[in-house]
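Engineer: Have a look at this prediction, sequence included:
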Amino acid sequence: MIFDNLESAKSFYKRYALACGFSIRKATQWKSRGIIQGKYFVCSKEGQKAVKEVDTLNEEHQPKQKRRKPSQRTGCEARIRYKIVFVPFTGINNHNCNVTLGAALLGNETAETYTWLLKSFKDAFGYAPKVLVTDQDPAMKRAIEDVFPDTRHKLCMWHIIDKLSGNVGSKLCNKTDFKERLCDIVWTDHITPDHFEQHWAGIMHDFHLTEHEWLSDIYQLRSSWIPAFYRDEDMSGLMRTSSRSESENHFFGKFFNPRTTLVEFLAHFDSAIEHQRHEHRRNDHDSRYKAPETWSNFPLEK
(Lines give C-alpha, C1' and ligand atoms only; values in the text may rest on other atoms or scores of the structure.)
Protein backbone atom coordinates (compact mmCIF):
# COMPACT_ATOMS: atom_id res chain seq x y z
CA MET A 1 0.00 0.00 0.00
CA ILE A 2 1.09 3.59 -0.62
CA PHE A 3 0.30 6.46 1.79
CA ASP A 4 0.52 10.20 1.33
CA ASN A 5 2.61 10.77 4.45
CA LEU A 6 4.01 9.19 7.60
CA GLU A 7 1.02 10.07 9.81
CA SER A 8 -1.41 8.45 7.36
CA ALA A 9 0.59 5.21 7.44
CA LYS A 10 0.76 5.28 11.24
CA SER A 11 -2.96 6.05 11.59
CA PHE A 12 -3.92 3.22 9.23
CA TYR A 13 -1.78 0.65 11.01
CA LYS A 14 -2.98 1.81 14.42
CA ARG A 15 -6.62 1.30 13.39
CA TYR A 16 -5.76 -2.10 11.92
CA ALA A 17 -3.94 -3.14 15.09
CA LEU A 18 -6.86 -2.01 17.27
CA ALA A 19 -9.26 -4.10 15.20
CA CYS A 20 -6.96 -7.13 15.50
CA GLY A 21 -6.41 -6.70 19.24
CA PHE A 22 -2.80 -5.48 19.55
CA SER A 23 -0.99 -2.17 19.95
CA ILE A 24 1.89 -0.71 17.94
CA ARG A 25 5.05 1.33 18.44
CA LYS A 26 7.65 3.07 16.29
CA ALA A 27 10.78 1.11 15.43
CA THR A 28 13.79 1.29 13.13
CA GLN A 29 14.14 4.03 10.55
CA TRP A 30 16.93 5.04 8.19
CA LYS A 31 17.78 8.33 6.56
CA SER A 32 19.90 9.77 3.78
CA ARG A 33 21.21 13.34 4.08
CA GLY A 34 18.71 14.09 6.83
CA ILE A 35 15.64 12.77 4.96
CA ILE A 36 13.74 9.71 6.20
CA GLN A 37 14.00 7.01 3.52
CA GLY A 38 12.27 4.19 5.40
CA LYS A 39 10.54 3.51 8.72
CA TYR A 40 9.00 0.54 10.50
CA PHE A 41 5.89 0.46 12.70
CA VAL A 42 5.79 -2.80 14.66
CA CYS A 43 3.73 -4.62 17.23
CA SER A 44 4.45 -3.43 20.77
CA LYS A 45 5.49 -7.03 21.59
CA GLU A 46 8.03 -7.19 18.75
CA GLY A 47 11.57 -8.33 19.62
CA GLN A 48 12.99 -9.62 22.88
CA LYS A 49 14.06 -7.72 26.00
CA ALA A 50 17.83 -7.39 26.29
CA VAL A 51 19.33 -9.33 29.18
CA LYS A 52 22.10 -7.54 31.09
CA GLU A 53 24.93 -9.82 32.20
CA VAL A 54 26.15 -9.31 35.77
CA ASP A 55 29.24 -10.76 37.44
CA THR A 56 27.71 -12.15 40.63
CA LEU A 57 31.15 -12.82 42.14
CA ASN A 58 32.14 -9.16 41.97
CA GLU A 59 30.65 -7.15 44.84
CA GLU A 60 30.94 -3.92 42.86
CA HIS A 61 28.63 -5.35 40.23
CA GLN A 62 25.98 -6.58 42.63
CA PRO A 63 22.66 -5.28 41.26
CA LYS A 64 20.39 -3.18 43.38
CA GLN A 65 17.28 -4.86 44.65
CA LYS A 66 14.53 -4.02 42.19
CA ARG A 67 11.12 -5.39 41.60
CA ARG A 68 11.24 -7.60 38.53
CA LYS A 69 8.86 -6.62 35.77
CA PRO A 70 7.83 -9.27 33.28
CA SER A 71 8.84 -8.42 29.70
CA GLN A 72 6.05 -7.64 27.25
CA ARG A 73 8.26 -8.55 24.28
CA THR A 74 7.35 -11.91 22.75
CA GLY A 75 9.00 -11.63 19.33
CA CYS A 76 5.87 -10.70 17.38
CA GLU A 77 6.75 -9.98 13.74
CA ALA A 78 3.75 -7.83 12.77
CA ARG A 79 5.01 -4.60 11.15
CA ILE A 80 4.36 -1.95 8.52
CA ARG A 81 7.01 -0.06 6.54
CA TYR A 82 6.99 3.58 5.46
CA LYS A 83 9.33 4.61 2.65
CA ILE A 84 9.72 7.71 0.47
CA VAL A 85 12.21 8.81 -2.15
CA PHE A 86 13.14 12.46 -2.74
CA VAL A 87 13.67 13.21 -6.45
CA PRO A 88 14.88 16.72 -7.37
CA PHE A 89 15.03 18.03 -10.95
CA THR A 90 18.21 20.07 -11.30
CA GLY A 91 19.05 22.47 -14.11
CA ILE A 92 21.72 25.10 -14.74
CA ASN A 93 20.96 28.81 -14.83
CA ASN A 94 22.67 31.64 -16.72
CA HIS A 95 25.31 31.90 -13.97
CA ASN A 96 26.28 28.24 -14.43
CA CYS A 97 24.82 27.44 -11.01
CA ASN A 98 22.41 24.70 -10.00
CA VAL A 99 18.74 25.59 -10.01
CA THR A 100 15.95 23.33 -8.78
CA LEU A 101 13.29 23.06 -11.47
CA GLY A 102 11.03 20.86 -9.38
CA ALA A 103 11.00 17.95 -6.94
CA ALA A 104 8.86 15.02 -5.90
CA LEU A 105 8.40 12.55 -3.06
CA LEU A 106 7.78 9.04 -4.39
CA GLY A 107 6.54 5.91 -2.68
CA ASN A 108 8.66 3.61 -4.88
CA GLU A 109 11.14 3.65 -7.76
CA THR A 110 9.33 1.64 -10.42
CA ALA A 111 9.13 2.52 -14.11
CA GLU A 112 5.41 3.22 -13.71
CA THR A 113 6.00 5.74 -10.92
CA TYR A 114 8.80 7.47 -12.83
CA THR A 115 6.56 7.60 -15.92
CA TRP A 116 3.88 9.38 -13.89
CA LEU A 117 6.50 11.78 -12.51
CA LEU A 118 7.96 12.68 -15.91
CA LYS A 119 4.49 13.20 -17.37
CA SER A 120 3.68 15.54 -14.48
CA PHE A 121 6.94 17.41 -15.10
CA LYS A 122 6.12 17.74 -18.80
CA ASP A 123 2.59 18.97 -18.05
CA ALA A 124 3.98 21.61 -15.68
CA PHE A 125 6.61 22.96 -18.11
CA GLY A 126 4.70 22.43 -21.33
CA TYR A 127 7.56 20.74 -23.19
CA ALA A 128 10.20 18.05 -22.83
CA PRO A 129 13.83 18.88 -21.94
CA LYS A 130 16.39 18.67 -24.75
CA VAL A 131 18.92 16.85 -22.56
CA LEU A 132 18.38 14.71 -19.46
CA VAL A 133 21.21 13.34 -17.32
CA THR A 134 20.57 10.52 -14.83
CA ASP A 135 22.34 7.57 -13.24
CA GLN A 136 21.98 4.05 -14.66
CA ASP A 137 18.61 3.29 -13.10
CA PRO A 138 16.83 0.95 -15.58
CA ALA A 139 13.37 2.01 -14.38
CA MET A 140 14.17 5.66 -15.06
CA LYS A 141 15.57 4.73 -18.49
CA ARG A 142 12.29 3.03 -19.43
CA ALA A 143 10.25 6.00 -18.23
CA ILE A 144 12.37 8.48 -20.22
CA GLU A 145 12.01 6.42 -23.41
CA ASP A 146 8.25 6.36 -22.89
CA VAL A 147 7.63 10.02 -21.95
CA PHE A 148 10.57 11.85 -23.60
CA PRO A 149 11.38 9.83 -26.75
CA ASP A 150 13.10 12.80 -28.44
CA THR A 151 15.16 13.85 -25.41
CA ARG A 152 18.90 13.11 -25.44
CA HIS A 153 19.35 10.85 -22.41
CA LYS A 154 22.90 10.95 -21.04
CA LEU A 155 24.42 9.11 -18.10
CA CYS A 156 26.14 10.95 -15.26
CA MET A 157 29.91 10.47 -15.53
CA TRP A 158 30.42 11.01 -11.82
CA HIS A 159 28.13 8.14 -10.83
CA ILE A 160 29.92 5.77 -13.22
CA ILE A 161 33.47 6.69 -12.17
CA ASP A 162 32.40 6.55 -8.52
CA LYS A 163 31.76 2.81 -9.02
CA LEU A 164 35.20 2.20 -10.54
CA SER A 165 37.06 1.11 -7.40
CA GLY A 166 34.25 -1.16 -6.30
CA ASN A 167 34.25 -3.00 -9.62
CA VAL A 168 37.95 -3.25 -10.49
CA GLY A 169 39.42 -3.10 -6.98
CA SER A 170 40.93 -0.34 -4.86
CA LYS A 171 44.43 -1.79 -5.23
CA LEU A 172 44.39 -1.32 -9.00
CA CYS A 173 43.02 2.23 -8.66
CA ASN A 174 45.32 3.36 -5.84
CA LYS A 175 48.56 1.47 -6.42
CA THR A 176 48.89 1.90 -10.19
CA ASP A 177 48.32 4.65 -12.76
CA PHE A 178 45.23 2.85 -14.10
CA LYS A 179 42.67 5.34 -12.77
CA GLU A 180 44.80 8.33 -13.75
CA ARG A 181 45.15 7.11 -17.34
CA LEU A 182 41.46 6.29 -17.55
CA CYS A 183 40.38 9.68 -16.18
CA ASP A 184 42.66 11.42 -18.69
CA ILE A 185 40.47 10.17 -21.54
CA VAL A 186 37.16 10.30 -19.65
CA TRP A 187 37.15 13.79 -18.11
CA THR A 188 37.88 15.68 -21.31
CA ASP A 189 36.09 16.78 -24.47
CA HIS A 190 39.31 17.72 -26.28
CA ILE A 191 39.78 14.32 -27.92
CA THR A 192 37.93 12.57 -30.73
CA PRO A 193 35.93 9.35 -30.37
CA ASP A 194 38.63 7.46 -32.28
CA HIS A 195 41.30 8.80 -29.93
CA PHE A 196 39.25 7.71 -26.92
CA GLU A 197 38.68 4.20 -28.27
CA GLN A 198 42.36 3.69 -29.11
CA HIS A 199 43.52 4.76 -25.65
CA TRP A 200 40.78 2.78 -23.91
CA ALA A 201 41.88 -0.37 -25.75
CA GLY A 202 45.48 0.30 -24.76
CA ILE A 203 44.60 0.73 -21.08
CA MET A 204 42.50 -2.44 -21.02
CA HIS A 205 45.34 -4.38 -22.66
CA ASP A 206 48.04 -3.05 -20.34
CA PHE A 207 46.09 -4.02 -17.21
CA HIS A 208 44.65 -7.29 -18.57
CA LEU A 209 41.06 -6.06 -18.35
CA THR A 210 39.88 -6.78 -21.90
CA GLU A 211 37.41 -9.40 -20.59
CA HIS A 212 36.24 -7.43 -17.55
CA GLU A 213 32.43 -7.56 -17.55
CA TRP A 214 31.63 -4.21 -15.91
CA LEU A 215 34.20 -2.27 -17.94
CA SER A 216 32.91 -3.91 -21.11
CA ASP A 217 29.35 -2.91 -20.20
CA ILE A 218 30.16 0.77 -19.62
CA TYR A 219 32.29 0.81 -22.78
CA GLN A 220 29.26 -0.29 -24.79
CA LEU A 221 27.43 2.73 -23.32
CA ARG A 222 30.31 5.13 -24.14
CA SER A 223 28.28 7.37 -26.45
CA SER A 224 25.94 8.11 -23.51
CA TRP A 225 28.55 9.32 -21.02
CA ILE A 226 31.96 9.97 -22.61
CA PRO A 227 32.36 13.70 -23.57
CA ALA A 228 34.41 12.80 -26.65
CA PHE A 229 31.21 11.53 -28.26
CA TYR A 230 29.28 14.79 -27.80
CA ARG A 231 32.12 17.29 -27.91
CA ASP A 232 30.23 19.40 -30.46
CA GLU A 233 27.03 19.51 -28.42
CA ASP A 234 26.21 22.27 -25.94
CA MET A 235 25.78 20.40 -22.65
CA SER A 236 26.09 23.50 -20.42
CA GLY A 237 28.59 21.74 -18.18
CA LEU A 238 26.10 19.06 -17.24
CA MET A 239 28.56 16.18 -17.45
CA ARG A 240 32.02 17.69 -17.75
CA THR A 241 32.22 18.51 -14.04
CA SER A 242 31.59 16.47 -10.91
CA SER A 243 28.06 15.37 -10.22
CA ARG A 244 25.48 18.16 -10.32
CA SER A 245 23.01 15.94 -8.52
CA GLU A 246 25.44 15.26 -5.67
CA SER A 247 25.97 18.99 -5.32
CA GLU A 248 22.21 19.48 -5.18
CA ASN A 249 21.84 16.80 -2.52
CA HIS A 250 24.54 18.50 -0.45
CA PHE A 251 22.67 21.80 -0.82
CA PHE A 252 19.42 20.33 0.51
CA GLY A 253 21.34 18.55 3.27
CA LYS A 254 22.13 21.94 4.80
CA PHE A 255 18.41 22.52 5.42
CA PHE A 256 17.33 19.08 6.67
CA ASN A 257 18.44 17.18 9.77
CA PRO A 258 18.02 13.57 10.97
CA ARG A 259 14.96 14.50 13.06
CA THR A 260 13.06 16.20 10.24
CA THR A 261 9.46 15.06 9.90
CA LEU A 262 7.60 15.10 6.61
CA VAL A 263 5.75 18.31 7.54
CA GLU A 264 9.00 19.97 8.60
CA PHE A 265 10.66 18.76 5.41
CA LEU A 266 8.15 20.64 3.28
CA ALA A 267 8.75 23.85 5.23
CA HIS A 268 12.53 23.45 5.02
CA PHE A 269 12.27 22.68 1.33
CA ASP A 270 10.54 26.03 0.79
CA SER A 271 13.35 27.72 2.72
CA ALA A 272 15.95 26.00 0.58
CA ILE A 273 14.27 27.11 -2.63
CA GLU A 274 14.00 30.69 -1.35
CA HIS A 275 17.72 30.64 -0.51
CA GLN A 276 18.46 29.45 -4.03
CA ARG A 277 16.34 32.23 -5.53
CA HIS A 278 18.09 34.80 -3.33
CA GLU A 279 21.48 33.63 -4.63
CA HIS A 280 20.21 33.93 -8.19
CA ARG A 281 19.00 37.51 -7.61
CA ARG A 282 22.35 38.37 -6.00
CA ASN A 283 24.25 36.94 -8.98
CA ASP A 284 22.01 38.92 -11.35
CA HIS A 285 22.78 42.11 -9.43
CA ASP A 286 26.53 41.47 -9.38
CA SER A 287 26.69 40.71 -13.09
CA ARG A 288 24.85 43.94 -13.95
CA TYR A 289 26.47 46.41 -11.59
CA LYS A 290 29.91 45.02 -10.71
CA ALA A 291 32.99 44.67 -12.88
CA PRO A 292 34.35 41.11 -13.03
CA GLU A 293 37.79 40.46 -11.60
CA THR A 294 40.53 40.00 -14.19
CA TRP A 295 42.40 36.72 -14.31
CA SER A 296 45.50 37.98 -16.09
CA ASN A 297 47.28 41.06 -17.41
CA PHE A 298 46.42 40.38 -21.03
CA PRO A 299 44.99 43.43 -22.86
CA LEU A 300 42.02 41.31 -23.94
CA GLU A 301 40.67 41.25 -20.38
CA LYS A 302 41.17 44.98 -19.93
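Structural biologist: Looks like it came in fine.
Engineer: wait, residue 91 sits on residue 101?
Structural biologist: Yes - using Cβ atoms under 8 Å, residue 91 is in contact with residue 101, at 4.8 Å. In this view, the C-beta of every residue, glycine as well, is placed from N, C-alpha and C.
Engineer: which stretches of this protein have low pLDDT?
Structural biologist: Applying pLDDT under 70 to the chain flags the ranges 1-3, 19-20, 32-35, 37, 46-83, 234-246, 249, 257-260, 301-302.
Engineer: Scan it for its longest helix.
Structural biologist: Longest helix in the chain by number of residues, with DSSP state H as the criterion: helix 262-289.
Engineer: and it, how far from the chain's centre?
Structural biologist: Put simply, helix 262-289 sits 21 Å off its chain's centre (Cα atoms, centre = their mean, to the nearest Å).
Engineer: So which residues of the stretch 1-150 of the chain form strands?
Structural biologist: In the stretch 1-150 of the chain, the strands defined using DSSP state E, counting those that start in this stretch lie at 24-32, 35-43, 79-83, 85-92, 98-106, 131-134.
Engineer: per-domain residue ranges of the chain.
Structural biologist: Domain assignment for the chain, taken from automatic domain parsing, gives 1-41+78-83, 88-153, 156-249.
Engineer: and of those domains, who's closest to residue 265?
Structural biologist: Residue 265 sits nearest to domain 1-41+78-83 of all the domains of the chain, at 6.6 Å, using Cβ to Cβ.
Engineer: what's the neighbour count on residue 18?
Structural biologist: Residues within reach of residue 18, counting by other Cβ atoms under 10 Å, total 11.
Engineer: cool, residue 128 as well?
Structural biologist: Neighbour count of residue 128, defined by other Cβ under 10 Å: 15.
Engineer: got the contact list for it?
Structural biologist: If you count contacts by Cβ atoms under 8 Å, 6 or more residues apart in numbering, residue 128 has them with 122, 147, 148, 150, 151.
Engineer: how near is the first one to residue 219?
Structural biologist: From residue 122 over to residue 219 the distance is 32 Å, taken as Cβ to Cβ, to the nearest Å.
Engineer: And for residue 203, nearest residue in space, chain neighbours not counted?
Structural biologist: Nearest residue to residue 203, sequence neighbours excluded (Cβ to Cβ, 6 or more residues apart in numbering): residue 181, at 5.3 Å.
Engineer: Helix, strand, or coil at that neighbour?
Structural biologist: Assigned with DSSP: H, G, I helix; E, B strand; the rest coil, residue 181 falls in the helix class.
Engineer: again, but for residue 232
Structural biologist: Here residue 232 is coil, with the state taken from three-state DSSP.
Engineer: now the helices: where do they sit in the stretch 151-300 of the chain?
Structural biologist: For the stretch 151-300 of the chain, applying DSSP state H, counting those that start in this stretch gives helices covering 157-162, 164-168, 170-175, 178-186, 193-206, 213-220, 244-253, 262-289.
Engineer: Serialize those helices to CSV and add fields for distance to residue 96 and mean neighbour count.
Structural biologist: Output for these, formatted as CSV (distance: least, Cβ to Cβ, whole Å; neighbours: other Cβ atoms under 10 Å):
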stretch, distance to residue 96, mean neighbour count
helix 157-162, 17, 18
helix 164-168, 27, 15
helix 170-175, 30, 12
helix 178-186, 21, 16
helix 193-206, 25, 15
helix 213-220, 27, 13
helix 244-253, 11, 16
helix 262-289, 10, 13
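Engineer: Make TSV from the ones you listed and add distance to residue 127 to it.
Structural biologist: TSV is the format used below for the helices of the stretch 151-300 of the chain (distance: least, Cβ to Cβ, whole Å):
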stretch	distance to residue 127
helix 157-162	26
helix 164-168	36
helix 170-175	42
helix 178-186	32
helix 193-206	30
helix 213-220	31
helix 244-253	21
helix 262-289	22
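Engineer: Could you name the stretch from these that's closest to residue 108?
Structural biologist: Nearest of those (Cβ to Cβ): helix 262-289, 16.4 Å.
Engineer: From residue 128, how far out is the closest residue to residue 85 other than its chain neighbours?
Structural biologist: Excluding its sequence neighbours, the residue lying closest to residue 85 (Cβ to Cβ, 6+ apart) is residue 106, at 4.5 Å. Residue 106 is 20 Å from residue 128, where distance means Cβ to Cβ.
Engineer: same deal with residue 224?
Structural biologist: Residue 224 sits 18 Å away from residue 128, going by Cβ to Cβ.
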